[in-house]
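> Test case, fold it:
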Amino acid sequence: MDDFSIKENLCKARESCGLSQSEVSVRLGINRASFIKLEKGRTRILNKQIPALARIYGISVEELLLGYAPLPEGDSFLEDRKAERQQLINEYENRLESSRNTIQLQERIIEEQRERIRLLENIRQRQDRELEKLSEA
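This next block holds a predicted model:
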């Protein structure tokens, strides 16, 4: 992390809070000219000013210095997210398998109903032929 990054982060953090350089300098307890030099990177930021600026901007010291909020708890955070995603994937796969089973069952029921319709149609045709024979006689 270089001085350029820090000054960029200072400026972005202040602007994202909607504060003017004058407002921040008053809260920080320095004059505006000194704050402008600090934000422009012409003077080095003091260690005691970093937590004060973070509080003023409502962000963590890490976020102020890095320009972004670091991931909490390092690798365990990522592992937790991976585990959550895997659980979601497993749940969706189970739902998908259940849906496939339901579809297969419904397809079998439909095929059975079609077979019944064919049988009933055959019975009806036979009965129609028998009625014709009876009416001819």
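
> Please name the spatially closest residue to residue 35 (chain neighbours excluded).
Spatial nearest neighbour of residue 35, chain neighbours left out: residue 25 (3.7 Å); criterion: C-beta to C-beta, 6 or more residues apart in numbering. Where you see a C-beta, it was placed from the backbone N, CA and C, and this is true even at glycine.

> For burial, what's the neighbour tally of that neighbour?
19 (other C-beta atoms under 10 Å).

> for the host helix or strand of it, packing partners?
Per DSSP states H and E, residue 25 falls inside helix 21-28. With contacts taken as 3 or more C-beta pairs under 8 Å, 6 or more residues apart in numbering; DSSP states H and E, helix 21-28 sits against helix 32-40, helix 49-57.

> relative to helix 21-28, how tilted is the last one?
Note on geometry: by axes from the mean of the first three to the mean of the last three C-alpha atoms, to 10 degrees, helix 49-57 and helix 21-28 are set 120 degrees apart in direction.

> low pLDDT regions in this structure?
Within the chain, the set of residues satisfying pLDDT under 70 comprises 1-4, 71-75.

> Go through the helices and strands packed on helix 21-28 and name the closest to residue 131.
Of all the helices and strands packed on helix 21-28, helix 49-57 sits nearest to residue 131, with 93.1 Å by C-beta to C-beta.

> other SSEs contacting that closest one?
helix 3-17, helix 21-28, helix 61-66.

> Any chance of the ones you listed in JSON lines with distance to residue 45 as columns?
JSON lines is the format used below for the helices and strands packed on helix 49-57 (distance: least, C-beta to C-beta, whole Å):
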{"stretch": "helix 3-17", "distance to residue 45": "6"}
{"stretch": "helix 21-28", "distance to residue 45": "10"}
{"stretch": "helix 61-66", "distance to residue 45": "9"}
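
> before we move on, back to that, can I get the helices and strands packed on helix 21-28 in TSV including distance to residue 66 and mean neighbour count?
Converted to TSV, those look like this (distance: least, C-beta to C-beta, whole Å; neighbours: other C-beta atoms under 10 Å):
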stretch	distance to residue 66	mean neighbour count
helix 32-40	17	16
helix 49-57	11	17
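
> Adding distance to residue 20 as columns, could you present these in TSV?
Output for the helices and strands packed on helix 21-28, formatted as TSV (distance: least, C-beta to C-beta, whole Å):
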stretch	distance to residue 20
helix 32-40	9
helix 49-57	12
